[in-house]
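> sequence-free structure coming up:
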Ligand SMILES: Nc1ncnc2c1ncn2[C@@H]1O[C@H](COP(=O)(O)OP(=O)(O)O)[C@@H](O)[C@H]1O
Ligand SMILES: Nc1ncnc2c1ncn2[C@@H]1O[C@H](COP(=O)(O)OP(=O)(O)O)[C@@H](O)[C@H]1O
Ligand SMILES: Nc1ncnc2c1ncn2[C@@H]1O[C@H](COP(=O)(O)OP(=O)(O)O)[C@@H](O)[C@H]1O
């Protein structure tokens, strides 16, 4: 195949540049405010959130057809590589550096993780975010969120995206869409933060941004040939989906309870609402199926559980446990309906990223606006930020505003990025490669070899790409 | 298939009811006694125990035949949904609410998790259980135990149980058997607790209750057709069993070391005995096989390791590390023999839940009575609760008493519950569905699709259920 | 098959011996210095490192051919059993007992874990290693390292080693090679520790020792028949490799950040460098492949990531985050080249343990000597232990010295041990067993049964071992 | 010589093998196949949609026999492969093909000897 | 009677089945096979080395038919299994074998009746 | 025309393919099969019980050839598929069936041309 040196050369240049930066000291001395218990929990939470990405690779990889399992999984896992480096270089700065107009962080604040080790554990001009853990832990915790977000998108254009084009898109998405959203939402000087928008662990930043980018992706890339022909798409491996769901649920405790950034009662509360909403959505999904005469399926239970996790994400630390039952159930049913609608439409969002993450994230944001309990200021006075359910309107309206802005921004910006990428590297593989499967054509691999002829040879090359008239004896031309 | 609206309607009713309960505040303020280090560990431990349920689904799912993999896995995973909600509604109250006669908790104490966030971190009329973590964390930690217990049972009636009947049984088992046992054993005012029965992390509550319910289940449901015909039952996927074992072992540190409810020396000790007993039982199982001329197998190593984990569960914090070697080995050999006996009998406990969890739990309880080291009272005087090995009798006799009561109660009560359920929904699928496999007939799914004809179509419908004489061209009738 | 009673009898003898040792008290009272936060993290880290062994079993098991999957996995998992017990008996003492000449620990110091619970949390004659966690936690944490090391080796002689011979080798390796190396490197009175050699989490002790033992193993056992015939060796299951990589990466946070033995800034730093190096090596590997015209593969990404984790292991707490990019990239490229060289040679290191762990460990040790930042003494004066990059030479030279000693020692000692074992039990299975696969011949198992004839019967017995002339109708003779 | 192809229910493999052994037919080759016949399929669920599958797993046996073994072989298969006394749709078919030659690879023997 | 073996592209299975149903051929047996023919394979990567694979997955249909169904069956297969109007290398082959007898296991019927 | 069925050891596939190429036979169809013959099986362990398995994996090649290619094909297979100079039990069988017609789906060609 073609030799493709650019990625390596870029990486090598980065490593050399990094070499000559006097980094911050290796082991940042914990200043007085660092709490070992909170740090223990946040180290754990960071590791847990890391595990979500392999978990996602199994959740997605088990749902595609056998010939795209490896490529689908790798699309998630590769984000561990790409985003980890991007984050060190400028990502963390763009998200949590000194605010530039409340929109984005200064790329130099923590350029190459300079100053991260030395920084006091405070962020924001007025020290709005005071941490009891080393800033480095916070930076790693936040990194894991940045990793999983583009990985989530891949479900929508699975089975037809070109690997190299996806890599480019992922970089751009992270810098242009993810980092600004994270900044606006979670940096104390960020726009949404200032407005008081509540997004506990990433309903907008992670799930809506991914869900809308997924929608745009499915539109730009278009239907799979097999989808157009209305062929069956049997999932390659349902146990993988169950495993992925287990890993996601497990990791999500890090995601949500970790977003308390302390081993506190708030973490406990987020833990409990997360578990409860997921349970309610899991049952909601399959019981709803059952009611309409469809068998309760393992795939349904898994998708439902993940939708519940998505929907509770923005709300986790703000709502009560009983309310999380309601939130989970509503999210499960709405996404179930959304998937049904999508199935009847021509939209080929392969793994329903938009109906699950996009819609789930929106439901979560709105529910937060409805069920958030009132916070208190330092002086004990109520903050007036309770939800609709408690008779207050402001928070609800704020949530909706943020929701609309994030949705529009994510959708439009990704649309532009896809078009841009497509100019540089075609986003979609050829029809022939699609037929052969991405595993073989993008990575030269097969998921499984059982030692029999059959399981060995996959990819029933039907040779559409061959010169039809001439009886050419060339190998099937497979582009890189 | 038939439309089955009842489950959804019940769920919806629950969500609506929950809506109008003013829950406790979302983020319970940690009172002065909360220790961040202990909380960090308990959050982690709760997450670890959650992972045991997917782990179990792989442990079990890999051992059944290829056509029942998904259903077996889902039977475990669905407990995450069902029990999580039950627990919030009344389960936690029944187990840890104010004691009613030492037998069961008051369902209203923490109804819908009311008061959980606000409660002081003390349980029991005399404050017998003082926690250094938010009560909410404790409630979530205990939930994970309640989840895995019914999941354990499913191994005994795998490959023939009807999904809907199982769901009903699980609910009843949890409320009628699990919660009272948990209350009696772990609530400071509980009967067994008052007697001084030692069950560190659930030898009776979890493993014996599941093991005996499994025995009853295997008896009530009867042999699989294939078991009666003495067909081979090749395990679908041994790597799944290895993965499940790894996840269980990993999670069990949360289970046992988490039962110290603090990041303390006691937790360390439970961690060490857990690991050691599991290692000894793993080797004990396969070396014993080897001695009798059977090859040391991966399945044997996995089952052995789990038996070791089961047996050390009641003892984990009470015995020394060297003694845990002995406990593990003895448990491994006894369960190995019990499995051999079962194999020769007509009892069709598909995955040997009784010989492993039931027997393993009993061995553990007795071993605790033998090897428990003496505790000390607050004033430094010895408690007189050491085991037989140290020349004291009382503890040993107490353990045996509890063992007998739990065994009889679990067995008889489950027997009644099975019969009750069977009146409402037949517990067992039809012979034809059994032949086709539960994956297809209960959930409309196949575990694996390799893209070949063979791996695609499983379920060799032999059509026993078809009208024999008429050449009816109907599809195989598959009940819900 | 032959009855093999020795392993069981040895185990039983051990259990009985353990019985009559008055162990230390079950729950060591935490003395004043124990910090709950640090303990929480170290309990978690110990559990995380445990998970690496099942992780490794999937990483390796997915790469071998379908007929050796179970045996390869079990070779890792069985280490959980064997080493856990050895460690309790004498392993921990040999590694961390009172130093005998800086070379090895006194086997009686913590014989049978006596004194572990009671010991003050200090190690070394001058109390060089003062812990803020119970010594028992430290002992369990260190155990997990001892477990994974021999498991790493198995990749080199996979698909042809006899199970019983491997068990014997593993025991000897652990006692004769691993424990002394751990003592010399990490015990405050150990030789290398005294020299000031820096090995944060086991570049020499774990990875180089395993890598060199792997090299020796591949040489002693010789090429697989299929390798000699230059047959293709399609990996059985690439998703398993991805899962294993995810579990390893996740667990490695325990490995490296846990090596700070506290929930501190140092742990945070090790966490960050670990993640970054792994990302850089993952990308380095596949981008390098791409540059030379080989498709970027999932297997490449996984192997690359693990090489990055290996290389950062000795350096994790000593270098800055930007430098870890460089370290990861260099390690990835060097190991990639080493694998290419190996592929062209006749060396049959089945899963490239030497090029990945051996070479990766060496690169890491050297990089530590180059990029280590300077430490400070208690009085604030610099220690003069910075790396070459900072213009100091001593540390670099020290690292190289240790590297050479460890390499030579590990290689030569394992060579002797292999030869020794081979005298007692032949290391290699017969050619016929190799052909049939180790799963069937060593363990009587098949990884997967899909219910079809094909997937059921694996092992295409070609009967080389049968008496060629006579038409003997005996079963294929399969030795134990 | 004839080549007999028998498509049977997978569950009947064991019984058929035993029945064949009784008529002294020990050698055969078995293949996993999928049959489309009068027997109908079942339905599956994916992402909430049901779809139907009409391939059913069968096993095809290929048995090369000498002339005088044809009838015993056929009868043995019929007796063992039938579901219940009356048989069921889906029980299968037997096809008999002329076989011109047969060679044992090990020895190079040909013809009826080599069967 | 004839036994028709047709090796086709896996993607054409559905179309061929439908075409056969139109000529009233409902019963057949399908097998996963690997073909070596003029169509060439593809390459795979393992541990950084590329190696080529020249087996291609096909499906073989076995269809027993009575004489007068032979031509319709063959024509239906050709029409449905061809890729594009001109066909492609790898589209497959049809083989026609003489079939001496056919037995329905369920009823024991023999000959053309039992097809 | 003949249809040659050859049941061989899976490990011999590569060698047989090469030998066939030397006699200019490039096209064939391969199937995973299980053989029961004189070669015996092995035993497996499940839940501590050993049970024996007597199916052995083989590969069946189906090769349609014109008359004058029959002998070269058979000889090439025998030479390449034999284990060791004397052969081993389990090395396999070759069956030769009459082939009445052959059709190339791509072009519609029939008969010896289409082989
Ligand atoms: N004409 C045929 N050609 C090829 N295979 C056939 C034919 N008839 C039946 N079969 C095979 O036999 C199996 C059983 O056939 P079925 O139609 O169910 O039996 P019956 O003729 O008793 O109704 C089918 O699934 C198919 O594999
Ligand atoms: N002579 C033959 N014997 C057996 N199978 C054949 C033969 N010729 C073709 N096939 C099968 O048909 C498939 C398509 O053959 P191919 O050579 O690609 O077609 P074409 O003749 O149109 O070039 C092959 O993959 C193989 O399975
Ligand atoms: N009569 C037969 N009919 C069908 N297949 C056969 C027959 N004889 C042999 N085979 C196939 O050939 C394979 C090798 O046969 P085997 O009996 O081991 O060889 P041999 O005749 O050299 O002893 C068997 O596993 C089976 O698949």
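Yes, it's here. None of the values given here were measured: they were computed from a predicted structure. Numbers count the residues shown, from 1 in each chain, chains lettered A, B, ... in the order given. Ligands and ions are numbered 1, 2, ... in the order given.
> Quick check, residue A:267 in contact with residue A:253.
No - if you go by C-beta atoms under 8 Å, residue A:267 and residue A:253 don't touch, sitting 9.1 Å apart. Just so you know, the C-beta spots here come from the backbone N, C-alpha and C atoms, and that holds for glycine as well.
> Tell me the residues that contact both of the two, please.
By the contact definition C-beta atoms under 8 Å, 6 or more residues apart in numbering or on different chains, residue A:267 and residue A:253 are jointly contacted by residue B:43.
> neighbour-wise, which of these two wins?
Neighbour comparison, residue A:267 and residue A:253: the larger count goes to residue A:267, with 32 against 27 (by other C-beta atoms under 10 Å in any protein chain shown).
> Run the contact check for the longest helix seen in chain D versus chain E.
Longest helix of chain D, by residue count under DSSP state H: helix D:70-81. Yes - contact between helix D:70-81 and chain E, assessed by C-beta under 8 Å from any C-beta of the partner chain, occurs at D:74, D:77-78, D:81.
> Between these, which sits nearest residue B:323?
Residue B:323 lies nearest to residue D:81 out of the residues of helix D:70-81 next to chain E, by C-beta to C-beta, at 59.0 Å.
> buried stuff in stretch A:391-410?
Neighbour counts over stretch A:391-410 (16 or more other C-beta atoms under 10 Å in any protein chain shown) mark A:392, A:395-396, A:398-399, A:402-403, A:405-407, A:409-410 as buried.
> Any chance of those in TSV with pLDDT as columns?
What follows is the buried residues of stretch A:391-410, written out as TSV (pLDDT from 0 to 100):
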residue	pLDDT
A:392	92
A:395	95
A:396	97
A:398	96
A:399	96
A:402	96
A:403	97
A:405	97
A:406	97
A:407	98
A:409	98
A:410	98
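> how about the nearest residue to residue A:62 once chain neighbours are set aside, what does it touch?
Closest residue in space to residue A:62, ignoring its immediate chain neighbours: residue A:240 at 2.9 Å, by C-beta to C-beta, 6 or more residues apart in numbering or on different chains. Residues in contact with residue A:240 (C-beta under 8 Å, 6+ apart) are A:58-59, A:61-62, A:69, C:239.
> how far away is residue A:240 from ligand 1?
Distance, residue A:240 to ligand 1, using C-beta to the nearest ligand atom, to the nearest Å: 31 Å.
> Check what pLDDT that residue gets.
Here, the pLDDT recorded for residue A:240 equals 98.
> That one and residue B:54, how far apart?
The gap separating residue A:240 from residue B:54 is 12 Å, by C-beta to C-beta, to the nearest Å.
> Close to chain E: what parts of the stretch 201-350 of chain A are there?
By C-beta under 8 Å from any C-beta, the residues of the stretch 201-350 of chain A that approach chain E are residue A:231.
> Stretch A:366-386 and chain B, are they touching?
Yes - using C-beta under 8 Å from any C-beta, stretch A:366-386 reaches chain B at A:372-373.
> Kindly report the same for stretch D:75-89.
Yes - contact of stretch D:75-89 with chain B (C-beta under 8 Å from any C-beta) involves D:83-84, D:86-89.
> Return the set of buried residues in that stretch.
D:76-78, D:80-83, D:87-89.
> for it, how far is the first residue from the last?
Chord length of stretch D:75-89, first to last residue, is 18 Å (C-alpha to C-alpha, to the nearest Å).
> Whether it contacts ligand 1 - can you check?
Yes - Stretch D:75-89 lies within reach of ligand 1 by C-beta under 6 Å from any ligand atom, at residue D:89.
> related to what we said a few turns ago, how about the residue nearest to residue A:62, secondary structure?
Using DSSP: H, G, I helix; E, B strand; the rest coil, the secondary structure recorded for residue A:240 is helix.
> likewise residue D:58?
Residue D:58 ends up strand, using three-state DSSP.
> what bridges to it?
Counting by DSSP bridges, residue D:58 forms beta bridges with residue D:33.
> just the strands in the stretch 101-250 of chain A please.
A:104-105, A:122-123, A:129-130 (DSSP state E, counting those that start in this stretch).
> So which bits of the stretch 1-150 of chain A are right by chain B?
Within the stretch 1-150 of chain A, the positions near chain B by C-beta under 8 Å from any C-beta are A:35-38, A:40-41, A:44, A:48, A:65-67.
> can I get those in JSON lines with secondary structure and distance to chain F?
Shown next, in JSON lines, are those (DSSP: H, G, I helix; E, B strand; the rest coil; distance: C-beta to the nearest C-beta, whole Å):
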{"residue": "A:35", "secondary structure": "coil", "distance to chain F": "50"}
{"residue": "A:36", "secondary structure": "helix", "distance to chain F": "47"}
{"residue": "A:37", "secondary structure": "helix", "distance to chain F": "45"}
{"residue": "A:38", "secondary structure": "helix", "distance to chain F": "47"}
{"residue": "A:40", "secondary structure": "helix", "distance to chain F": "41"}
{"residue": "A:41", "secondary structure": "helix", "distance to chain F": "41"}
{"residue": "A:44", "secondary structure": "helix", "distance to chain F": "37"}
{"residue": "A:48", "secondary structure": "helix", "distance to chain F": "35"}
{"residue": "A:65", "secondary structure": "coil", "distance to chain F": "21"}
{"residue": "A:66", "secondary structure": "helix", "distance to chain F": "17"}
{"residue": "A:67", "secondary structure": "helix", "distance to chain F": "19"}
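> unless I'm mixing things up, residue A:222 is touching residue A:346, no?
No - using C-beta under 8 Å, residue A:222 is not in contact with residue A:346; the gap is 9.4 Å.
> Settle it for me: which of the two has more neighbours?
Just comparing residue A:222 and residue A:346: by other C-beta under 10 Å the higher neighbour count belongs to residue A:222, 16 against 9.
> For the more buried one, which residues are in contact?
Shown in contact with residue A:222 (C-beta under 8 Å, 6+ apart): A:348, A:428.
> at 10 Å instead, please
Residue A:222 makes contacts with A:157, A:160, A:228, A:346-348, A:427-428, as judged by C-beta atoms under 10 Å, 6 or more residues apart in numbering or on different chains.
> again, but for residue A:180
Going by C-beta under 10 Å, 6+ apart, residue A:180 touches A:94-95, A:100, A:103-105, A:190-191, A:205, A:209, A:409, A:413.
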